[in-house]
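1. My questions are about this predicted structure, shown below with the sequence.
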Amino acid sequence: MTQRYVISRRSAGLGDQIICLGAAWRFARSTHRVLVADWRLNVYSPDPRENLFLLCFEPTSHLAGVPLIADERVGREQWPRPRHPLVWNDDARWHSPVRRREVDVVKDRDAAVALISAGHDVEAPTVVFDGCVNKGLVSFTDARTFLGALRAVAPVREAVERFRAEHFGHGPLIAVHVRHGNGGDILGHARFWDSFPAALERCVRGIEQARRLLGQGSTVFLSTDSSEVERALSERIPDLLCRPKMSRPPGEGELHLWREARLGLEDALVEMLLLAECDVLLRYPPKSFFSFYAAVMKHWHTPPPASIQDLRLPCDPTDPLSPALLH
């Protein structure tokens, strides 16, 4: 009997990559397929032929109970045909997935979500997910099971531990993630930045609300993609803690969409994991995929929601643009 596979080959930011892999993991588990993490051709990779997954996470043969291929076989194997969707049977397309039209990626993404949600399978031995399948993993329990099986590579774990020991101490921690875009096209997040001062004020109010929960002496750690945001929030929150890292000049675009992105890979991973060390997490905008890992894996002091959709509810019910506050 031919082995069956589901391949996650998204090429995007780290949070987006993880979201797609999580959806593929859920589909692989329900259909008894082998999960393949094909993270080649990614801007974070020093070599486009290298599998980014292994630069981020330790190799393993299984991921949360699902057989996993993420080693050198990813670039060597001839995945069985027919492949689903049909476009992946075209060898030229297979070797140049970045040339896919966005409208086609979205169409296949929606079809993948429908397939997963219905609990259905297809006859093709190889299924490929290359879109932002953000509605493929909806259960908080499933998300925590999946994310909990990802173990960062040793240098990242060590950097997280050093920073935590030197700066977080033993008191309560408020983590704030602010996705600004830095002049990039951030699509669904754009409305949160119609006014920079208003966005800043929402974040400050969220921090004040978090400190009312944990105490005024709580450490506040900020992770952001914008030096302007870091500077502006530091002026409003004098004891704000920020980790030194590489950043692009104001207005020059997103961190993962430039030719030097590979130099910021460790910074991105370290901050993604540091956010999860918190007692309260503020997400602004609430749907940013970068803070998804922390939203699920943080220290929960209240019962977590059943659905990951609830991880992005605004903390101020009168302001739909307020950050999500998770306690």
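-> Everything's here; your move.
2. Please enumerate the helices of the stretch 51-200 of the chain.
-> With helices called from DSSP state H, counting those that start in this stretch, the stretch 51-200 of the chain shows them at 52-56, 73-76, 91-95, 102-118, 140-148, 154-163, 196-214.
3. avg pLDDT for the last one?
-> Yep, that's helix 196-214 we're talking about. When pLDDT is averaged along helix 196-214, the result is 97.
4. Equivalent analysis for the first one, please.
-> When the per-residue pLDDT values of helix 52-56 are averaged, the result is 95.
5. Any chance you could list what contacts that helix?
-> Outside helix 52-56, the residues that touch it by CB atoms under 8 Å, 6 or more residues apart in numbering are 14, 17, 37, 39-40, 42, 44-45, 70-71, 152-153, 156, 265, 269. Using the backbone N, CA and C atoms, a C-beta is placed for each residue, glycine as well.
6. are any of the residues you listed buried, and which?
-> Neighbour counting over the contacts of helix 52-56 (16 or more other CB atoms under 10 Å) leaves 14, 17, 37, 39-40, 42, 44-45, 70, 152, 156, 265, 269 as the buried ones.
7. circling back to that earlier point, just the closest of the contacts of helix 52-56 to residue 107, please.
-> Residue 107 has its nearest neighbour among those in residue 17, at 20.3 Å by CB to CB.
8. ok, the closest residue to that closest one other than its chain neighbours - contacts?
-> With sequence-adjacent residues excluded and distances taken as CB to CB, 6 or more residues apart in numbering, residue 17 is closest to residue 10, at 5.3 Å. By CB under 8 Å, 6+ apart, the residues touching residue 10 are 16-17, 20-21, 39, 129-132.
9. quick one: which of the buried ones among the contacts of helix 52-56 is nearest residue 313?
-> residue 14 (23.4 Å).
10. so who does the closest residue to that closest one other than its chain neighbours touch?
-> Once flanking residues are discounted, residue 14 sits nearest to residue 268: 5.4 Å by CB to CB, 6+ apart. Contacts for residue 268 were tallied using CB under 8 Å, 6+ apart; they are 14, 44, 255-256, 290.
11. do residue 281 as well
-> 174-177, 275, 291, 294-295, 298, 324-326.
12. need those in a markdown table with neighbour count and distance to residue 143, can you?
-> Conversion of the contacts of residue 281 to a markdown table gives the following (neighbours: other CB atoms under 10 Å; distance: CB to CB, whole Å):
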| residue | neighbour count | distance to residue 143 |
| --- | --- | --- |
| 174 | 27 | 22 |
| 175 | 27 | 18 |
| 176 | 29 | 21 |
| 177 | 28 | 17 |
| 275 | 26 | 15 |
| 291 | 32 | 13 |
| 294 | 25 | 12 |
| 295 | 26 | 9 |
| 298 | 22 | 12 |
| 324 | 22 | 15 |
| 325 | 21 | 19 |
| 326 | 28 | 13 |
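13. Sort out for me which of the contacts of residue 268 are in helices.
-> Those of these mapping onto helices are residue 14, per DSSP state H.
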